[in-house]
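**Student:** Prediction below, plus the sequence it came from.
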Amino acid sequence: MKKLSHQIVLLCFFAFVGCANSSSENTIAEEEEIAADPREEEEERLSQTVVESFGQLKVSGKNLVDQNDNVIQLRGMSLSWSQWWPQFYTKEVVSWLKEDFQVTIVRASMGIEDPGGYIENRSSEKAKIFTVIDAAVAEGLYVIVDWHSHNAQDYTDEAIEFFTEVAQKYGDLPNIIYETYNEPLDNVSWDAVIKPYHESVIAEIRKYDPDNVIIAGSRSWSQRVDEVIGNRLADTNTMYTLHYYAASHKQELRDIAQQAIDAGIPLFVTEYGVTEYTGDGFIDVAESEIWWSFLDDHNISWCNWSIADKEESSAAVRPGASGSGGWPSSMLTPSGQMVREELRAKNPRYSD
């Protein structure tokens, strides 16, 4: 009886082990089947533009997320002042930035109160911005519509009129991101001046576009994002821009940004340079790398300043660069070459 019981026990044991192995093999097979094939992912991505892939963006907590609530990071280039470098506000440049720089976003920076800007030439400056928006939509890119001013509160009515038209014309498209105030100066209050300005403009945008992301500037050339803590705009689909120039703004500014991040403030670097804050001076490679790592660690999207052929360090192209794109490496400045390499290393390629 004992021998028989022992045999039964052994049979049961081997049956259990067999079932366990079979179950384990099935589980592994199922997991392998569920795991995405990287080649299939790449093929799918190459068949879509970035906007087709990510769809309608929104703010979730401190992050920018796609239509499926996945945290994303956009990287791209900012065009320079529209009134001074109009030759680059073309569909060909936007197409080249997508094809060669592999940008996922472009920024159209409409000059406002400075000579030749929107206040003086509304129709012509607006037309440049619409050309870039139309090109970005055609290429399947995201596009920031930037009210490039240092004194936007003095032109609130004009900003409302402009952004209302943009929202009415393009608000049903997922490509659009509104930047309502580029860089407030150091001596204006977030609470008393900047925040009320944003509230007025955002209220008008939301009448026609309830969905697309808005980006708001803060005091001191959009560096004091810490002053937003506990005093945010009511619009929950708004982010806050952080601007820096790597050779001038270092750990102290990253500490300010970290305070905002820790408080759940969603940041978007709509403008930065690898140079000094003047846009000129030396290129700080080491600090640029630290900043890029910081942005990657926190999934913060960015646009580099800028597509211009001005003789200064932050310009991406050399004097005489074509307004049709197609720039050879010899027409890129050290800054342009460095940022292009970063874009191509970090951004996956999407459909042409």
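**Tutor:** That came through fine.
**Student:** Name the residues that touch the helix or strand Lys98 falls within?
**Tutor:** Element membership of Lys98 [criterion: DSSP states H and E] is helix 91-99. For helix 91-99, the external contacting residues (C-beta atoms under 8 Å, 6 or more residues apart in numbering) are 76-77, 79, 103, 106, 131-132, 134-136, 138-139, 141, 307, 323-327, 352. From N, CA and C alone the C-beta is placed, and that goes for glycine too.
**Student:** what secondary structure does the closest residue to Lys250 other than its chain neighbours sit in?
**Tutor:** Closest residue to Lys250 apart from its sequence neighbours, by C-beta to C-beta, 6 or more residues apart in numbering: Glu287 at 5.7 Å. Put simply, Glu287 is helix when judged by DSSP: H, G, I helix; E, B strand; the rest coil.
**Student:** contacting residues around Glu287?
**Tutor:** By C-beta under 8 Å, 6+ apart, the neighbours of Glu287 are 246-247, 250.
**Student:** For burial, what's the neighbour tally of Tyr197?
**Tutor:** The number of residues packed near Tyr197 is 22, by other C-beta atoms under 10 Å.
**Student:** Give me the phi and psi angles of the closest residue in space to it that isn't next to it in sequence.
**Tutor:** Excluding its sequence neighbours, the residue lying closest to Tyr197 (C-beta to C-beta, 6+ apart) is Gln153, at 4.5 Å. Main-chain dihedrals, Gln153, degrees, to the nearest 10: phi -60, psi -20.
**Student:** Could you report the distance from Gln153 to Ser222?
**Tutor:** Going from Gln153 to Ser222 by C-beta to C-beta, to the nearest Å gives 14 Å.
**Student:** Could you check the angle the host helix or strand of Ala138 makes with helix 91-99?
**Tutor:** Taking DSSP H and E as the criterion, Ala138 maps to helix 122-139. Angle of helix 122-139 versus helix 91-99, following axes from the mean of the first three to the mean of the last three C-alpha atoms, to 10 degrees, is 40 degrees.
**Student:** Just the buried residues of helix 122-139, please?
**Tutor:** For helix 122-139, the neighbour count (16 or more other C-beta atoms under 10 Å) marks 125-126, 128-137, 139 as buried.
**Student:** Gly273: which of those is nearest?
**Tutor:** Distance to Gly273, by C-beta to C-beta, is smallest for Val132 among the buried residues of helix 122-139, at 20.4 Å.
**Student:** Contacts only, for that closest one.
**Tutor:** So Val132 contacts 79, 89, 94, 106, 108, 143 (C-beta under 8 Å, 6+ apart).
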